[in-house]
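Engineer: task: produce atomic coordinates for the following.
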Amino acid sequence: MRTTLTLDEDVAAKLRQEMVRMGASMKDVVNVFLRRGLEAPREEDIATPFIVESRSMGLKAEVDLDDISGLLDYLDGPAQR
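Structural biologist: A predicted model of the protein is given here:
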């Protein structure tokens, strides 16, 4: 498709730099960067981060969370094992 674009001077300068760096034509460079921009995720497409809010589990300070059997005894009672 042929079209005419009016570019700001700073954009045209950056495109010329990329043409030299990539060794490509203006058309190819414009297409590369337009594709990148159009394929980039939009703000509304980016999921909001899942935030875990911590809260007290109500355990007593004497409960050792590294002692599994002791923790099970505390939670379920010694008869459950």
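
Engineer: the helix or strand hosting residue 69 packs against which elements?
Structural biologist: Using DSSP states H and E, residue 69 falls within helix 68-76. Taking 3 or more Cβ pairs under 8 Å, 6 or more residues apart in numbering; DSSP states H and E as contact, there are no helices or strands that helix 68-76 lies on. (Each C-beta comes from the backbone N, C-alpha and C, glycine too.)

Engineer: buried ones in it, by neighbour count?
Structural biologist: residue 74 (16 or more other Cβ atoms under 10 Å).

Engineer: from the chain's centroid, how far away is it?
Structural biologist: Relative to its parent chain, helix 68-76 has a centroid offset of 39 Å by Cα atoms, centre = their mean, to the nearest Å.

Engineer: for it, list the C-alpha coordinates in CSV.
Structural biologist: Extracted in CSV, the C-alpha atoms of helix 68-76 (Å, rounded to 0.1, in the frame of the first residue of the first chain):
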residue,chain,number,x,y,z
ILE,A,68,5.2,-30.5,60.6
SER,A,69,4.0,-33.1,63.1
GLY,A,70,3.8,-30.5,65.9
LEU,A,71,1.9,-28.2,63.6
LEU,A,72,-0.5,-31.0,62.7
ASP,A,73,-1.0,-31.8,66.4
TYR,A,74,-1.7,-28.1,67.1
LEU,A,75,-4.2,-27.8,64.2
ASP,A,76,-5.9,-31.2,64.3
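
Engineer: residue 30 is in contact with residue 22, correct?
Structural biologist: No - using Cβ atoms under 8 Å, residue 22 is not in contact with residue 30; the gap is 11.4 Å.
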